[in-house]
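K.L.:
Predicted model follows, preceded by the sequence.
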Amino acid sequence: MSHQASEFVPLNIAVLTISDTRNEETDTSGALLVNELTTSGHNAYAKAIVHDDIYDIRAVVSQWIADSNIHAVVSTGGTGFTARDNTPEAMSVLFDKNVEGFGELFRQISYDEIGTSTVQSRALAGMANRTVIFCLPGSTNACRTGWNKIIKEQLDASHRPCNFVPHLNLAQDTCATRD
C-alpha cells in the first residue's frame, strides 16, 4: 500500500518564553523559535514572555488554546529543577492528552549533545483543545534541537507515516499506517 503525502499546511504557532530575566531584546530562544518556524513556512501568530509563575503561564496558554486560530504552542524555559522552574506543573494540567514520546525523544537526542545532563530536562508535550503544545528548555541550543529534530517534522502535514497536523483544529486527514 502506498501513501500519498499531504501537502505542507502553514500553521499558526504561538511562542511563549517563560523567564524571570528575559525581555524582547535578550530572548534569544524565543527569537530562534520564531525564526525557525517562519523559515519552515509557518506563521508566528503570537509571541509573549511571562515570568516563571504557574498562574501567569496558565493564563496565557489557556487563552491561546481557546483561540481556534492557534494550532500549536511552543514554549521555552522553566523545565529545569530550580525552585522557579514551573513549566511542567503549569502546563500538564491543561493537557487533554500527554505526548510522552516527546520528552523521551528529546532527552534521547539531547544525550548525544550534552550527555547525562539531559536527565535534568523536564521537556514535555501534550494536546489541549486540538492544539499541540511543546515545552522546551530555555537554552537556545535546546530550542534548536527540539525544533529541528522533532517539532518541525511533527508540524509538517507531509511528514509520514504520521504527524500532528490531522489532530489540530484545521485537521481533515488521519494518520497513515506504516507499510
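P.N.:
Okay, I see it. Computed from a predicted structure; not experimentally measured. Residues are numbered from 1 along each chain as shown.
K.L.:
Now do the contacts for the most centrally placed residue in the chain.
P.N.:
Central residue of the chain (C-alpha atoms, centre = their mean): residue 134, 2.3 Å from the mean position. By C-beta atoms under 8 Å, 6 or more residues apart in numbering, residue 134 lies in contact with 72-75, 102, 125, 146, 150-151. C-beta: built from backbone N, CA, C; applies to glycine.
K.L.:
Of these - the most surrounded one?
P.N.:
residue 75 (32 neighbours; other C-beta atoms under 10 Å).
K.L.:
Name the nearest residue to that one, sequence neighbours excluded.
P.N.:
residue 16 (4.2 Å; C-beta to C-beta, 6 or more residues apart in numbering).
K.L.:
could you say which helix or strand contains the one you found?
P.N.:
strand 12-18 (DSSP states H and E).
K.L.:
which SSE is the residue nearest to residue 99 when sequence neighbours are not counted in?
P.N.:
Distance criterion C-beta to C-beta, 6+ apart; nearest residue to residue 99, sequence neighbours excluded, is residue 125 at 3.9 Å. With elements taken from DSSP H and E, the one containing residue 125 is strand 124-128.
K.L.:
thought residue 64 was touching residue 74?
P.N.:
No - contact criterion C-beta atoms under 8 Å: residue 64 and residue 74 do not qualify, at 10.8 Å.
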